[in-house]
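Participant: Could you look at this predicted model? Sequence included:
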Amino acid sequence: MSVHFTETNTTQKYHLIKDKKTWQKAQSYCREKHTDLISGTKQLLDGEVEKVMDSDYKYPYIGLFRDTWRWSDGNSFSFRHWNNDFISQQPNSDRCAVTVFDDGGRWKNENCDKRKPFICYDDNVILIKEKMNWEDALYYCRDHHHDLVTIANMDDQRLIQDKVKEASTDYVWMGLRFTCTLDFWFWVSDEVVSYKNWASNPPMDDCDMSGAMETRGNHQWYKRNDAEKLNFICSKE
């Protein structure tokens, strides 16, 4: 059974998992229960990370593994923060990274099969790979998370389009809906539709339509019939 250093709540982003696992099993656990292993310097240098650390559980796994050293969540951060022993160790394949908090947070490479504690992180959005029509997706998000996702700006767009690459459908539902009665598109979160990324301006005379993002290509928005069963993106707050 996994034991967390602090009680999990809806606002906590980082989680120290004391149940020691190999790197690969740690990655699978984080992806199932949270978002992924902690990845990238922005997260590792976040002061909130140290708050979940425990001096009895040193050297937790992070999301960096050797295949020309890549991050678990797919990010392409090039900055490295290895300790002084790294060059002499000359790591080969099957090496993964731990962070050493009593050495200024520097990184050390270890054999991926060693069982260690690890740090997971949570995003504010989550891809649900189940296939549902738009209405069922809406209620699923509201029952299990917060709501179907709203995309209010380019930063939101970039975040979501990174997530949808893992979808099993050609499109994913967003919280964008068309009302025939009032003849306009709206976000179910009550946000005004100011930022737009339509592939082409959808006609304003179709009922039973909602907005979906393509999972390949340019990740533009398309109108889709509400009855289609697609993956979808939920917001967590």
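Facilitator: Right, received. Where do you want to start?

Participant: and the closest residue to S189 other than its chain neighbours, how many neighbours?
Facilitator: Excluding the flanking residues, the one nearest S189 by Cβ to Cβ, 6 or more residues apart in numbering is T150, at 4.4 Å. Using the backbone N, CA and C atoms, a C-beta is placed for each residue, glycine as well. Neighbour count of T150, defined by other Cβ atoms under 10 Å: 20.

Participant: Show the pLDDT at the residue lying closest to Y57 once chain neighbours are set aside.
Facilitator: Excluding the flanking residues, the one nearest Y57 by Cβ to Cβ, 6+ apart is P117, at 4.4 Å. Looking at P117, its pLDDT reads 84.

Participant: how far does the host helix or strand of P117 sit from the chain's center?
Facilitator: Element membership for P117 (DSSP states H and E) is strand 116-121. Relative to the chain's own centre, strand 116-121 is displaced by 15 Å; criterion: Cα atoms, centre = their mean, to the nearest Å.

Participant: quick one: low-confidence ranges for this protein?
Facilitator: Applying pLDDT under 70 to the chain flags the ranges 1-12, 55, 66-69, 73-94, 101-105, 203-205.

Participant: what residues go with each domain of it?
Facilitator: 14-121, 125-235 (automatic domain parsing).

Participant: Relative to the whole chain's centre, how far out is the last one?
Facilitator: In terms of Cα atoms, centre = their mean, the gap separating the centre of domain 125-235 from the centre of its chain is 17 Å.

Participant: The protein: strands as residue ranges?
Facilitator: Assigned by DSSP state E, the strands in the chain fall at 14-21, 36-37, 61-65, 70-71, 95-100, 106-111, 116-121, 125-132, 147-148, 171-179, 184-187, 209-214, 221-225, 230-235.
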